[in-house]
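K.L.:
Give me the fold of what follows.
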Amino acid sequence: MLGTLHEGWALIEPYIVSYGAIAIFFMIYFESFGAPVPGETGVIAAALLATKGELSIVPVYFAVLAGAILGDSTGYVIGRFGGRALLRKFGPYIKLTPDKLSEIENKFRKGGPWLVVIARFLPVMRQLNGLIAGSLAMPWHHFLMAQGTGAVLWTSVYCLGPYFFSEFFHHIRP
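P.N.:
Residues are numbered from 1 along each chain as shown. Here you go, the predicted structure:
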């Protein structure tokens, strides 16, 4: 796993250093509606770069938060208007089989908005959060409140956590 962290860091660090908060915004934005982007790694990398003075944590925090909210919202709109047919057609490109889709949909039906909050912390669920909620026609205001809450919590944990507790992450950066 440590090798993967080093490889992930080496891949994304130049973009984050060069483009700053805008790079992390787009990473999180695209990850939040299903694109296979190393968003979580990017957030941690940006926060750790901020501890070194290479970035400022305030723009990073708000870029991550905005990317998460807007990305989830984009996913919701795509899911709402594209529906299940879209997920079935393009799901295999992101390893979403029909069985896995049904399983995730059932979890969303049972968990509702609470699952939207929690999904932000779960790999795969984080990326499919908006798409599934939209395809299941979750009321927009329920989704917006839940995903906003989840985004604030997730951003605080993954952005501010590494920033304030950077000594626990010294082994990640080569």
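K.L.:
which SSE is Glu54 in?
P.N.:
Using DSSP states H and E, Glu54 sits in no helix or strand.
K.L.:
top helix in this structure by residue count?
P.N.:
helix 57-90 (DSSP state H).
K.L.:
got the buried residues for that one?
P.N.:
57, 59-61, 63-76, 78-80, 84, 87 (16 or more other CB atoms under 10 Å). To be clear about C-beta, it is placed using only N, CA and C from the backbone, and glycine gets the same treatment.
K.L.:
need the next SSE after that helix, C-terminal direction.
P.N.:
Sequence order places helix 98-119 as the next helix or strand after helix 57-90, per DSSP H and E.
K.L.:
For the residue most central in space within the chain, which residues are in contact?
P.N.:
Geometric centre of the chain, nearest residue: Ser32, 4.4 Å, by CA atoms, centre = their mean. Applying CB atoms under 8 Å, 6 or more residues apart in numbering to Ser32 gives the contacts Gly39, Gly67, Ala68, Leu70, Gly71, Asp72, Thr74, Gly75, Arg126, Gln127, Asn129, Gly130.
K.L.:
Against which helices or strands is the helix or strand containing Tyr163 packed?
P.N.:
Assigned by DSSP H and E, Tyr163 belongs to helix 161-164. On a contact count with 3 or more CB pairs under 8 Å, 6 or more residues apart in numbering; DSSP states H and E, helix 161-164 meets helix 39-51.
K.L.:
Mind giving me the packing neighbours of the helix it packs on?
P.N.:
So helix 39-51, by 3+ CB pairs under 8 Å, 6+ apart, packs with helix 2-19, helix 21-31, helix 57-90, helix 161-164.
K.L.:
if you set the cut-off to 10 Å instead, what comes out?
P.N.:
Counting contacts by 3 or more CB pairs under 10 Å, 6 or more residues apart in numbering; DSSP states H and E, helix 39-51 packs against helix 2-19, helix 21-31, helix 57-90, helix 125-135, helix 140-155, helix 161-164.
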